[in-house]
Structures are given as structure tokens and as C-alpha cells.
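Undergrad: Whatever this is, show me its structure:
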Amino acid sequence: MSFIQTLSGKQFDYLSATIDDIDIEDIAVALSNICRFSGHLPEFYSVAQHSVLCSQLVSPEFAFEALMHDAAEAYCQDIPAPLKALLPDYREIEKRTD
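TA: Presented below is the predicted three-dimensional model:
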């Protein structure tokens with residue numbers, strides 16, 4: 001099995017996902033539930049909070065791009081960079097999802 005079921009009920013298949021499998025509300029909910037830095041923080045800080053902050057720090061014409069820069073993590077999680085470097089298959093799937 002190479003898929004997950006998202007909050008909207010869609011099946012996101014890591015090996016054959018298409019643009020139709022991606023849902024903006026799934027992204028928003030998932031990112032708001034994923035803690036940055038693998039949870040090694042004194043307080044919960046979500047990927048969604050980080051994304052919103054990024055969107056507020058850039059020029060308005062780049063705000064949506066900044067907001068969505070970690071959108072793939074809604075499906076692939078926020079894996080620490082040192083671990084990602086050890087997982088070439090993961091990096092390929094993340095690249096396709098992005």
C-alpha cells in the first residue's frame with residue numbers, strides 16, 4: 001500500500017499522485033497539526049504557523065508562494081534535513097509532491 005487517506009477523504013498515492021489528489025484544505029489542516037523541528041521545541045510551533053509567518057515577511061506578490069513553500073509536508077511530513085539526506089527515495093517522492 002503506497003497511499004494515505006486525507007481528511008477530505010481523498011487517497012493520496014505516493015507513487016502516482018496527480019494534481020487532483022491535492023486539496024488546499026487538507027494541506028491547511030495537516031500543516032496545522034505538524035510540529036516543526038520534529039517537536040523539539042519548548043512550545044508547539046506548527047508548519048502552518050511557520051508558513052503564515054513566511055507569507056507575511058515577503059512582498060505581497062510572493063505571499064502565496066511563501067505560504068505554500070512547505071505544502072508537500074502535508075503529505076510527506078516535516079522530516080529533519082539530516083535524516084532526509086539519508087533517504088533518497090523519500091527525497092524523490094517529496095520532490096514529485098512539491
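
Undergrad: host element of Glu65?
TA: helix 63-67 (DSSP states H and E).

Undergrad: model confidence over that helix, on average?
TA: The average pLDDT within helix 63-67 is 98.

Undergrad: How far away from the center of its chain is it?
TA: 13 Å (C-alpha atoms, centre = their mean, to the nearest Å).

Undergrad: who does that helix touch, helix- and strand-wise?
TA: On a contact count with 3 or more C-beta pairs under 8 Å, 6 or more residues apart in numbering; DSSP states H and E, helix 63-67 meets helix 47-57. Placement of C-beta: from N, CA and C, glycine included.

Undergrad: Quick one: distance of the helix it packs on to the chain centre.
TA: For helix 47-57, the distance to the chain centre is 13 Å (C-alpha atoms, centre = their mean).

Undergrad: Name the residues of that helix that are buried.
TA: 47-48, 50-52, 54-55 (16 or more other C-beta atoms under 10 Å).

Undergrad: And for that helix, what's in contact with it?
TA: Applying C-beta atoms under 8 Å, 6 or more residues apart in numbering, the external contacts of helix 47-57 come out as 28, 31-32, 34-36, 63-64, 66-71, 73, 78.

Undergrad: so how far is Gln11 from Lys84?
TA: With distances taken as C-beta to C-beta, to the nearest Å, Lys84 is found 24 Å from Gln11.

Undergrad: Give me the buried positions along the helix holding Glu65.
TA: 66-67.

Undergrad: any residues touching that helix, and which ones?
TA: With C-beta under 8 Å, 6+ apart, helix 63-67 has contacts from 51-52, 54-58.
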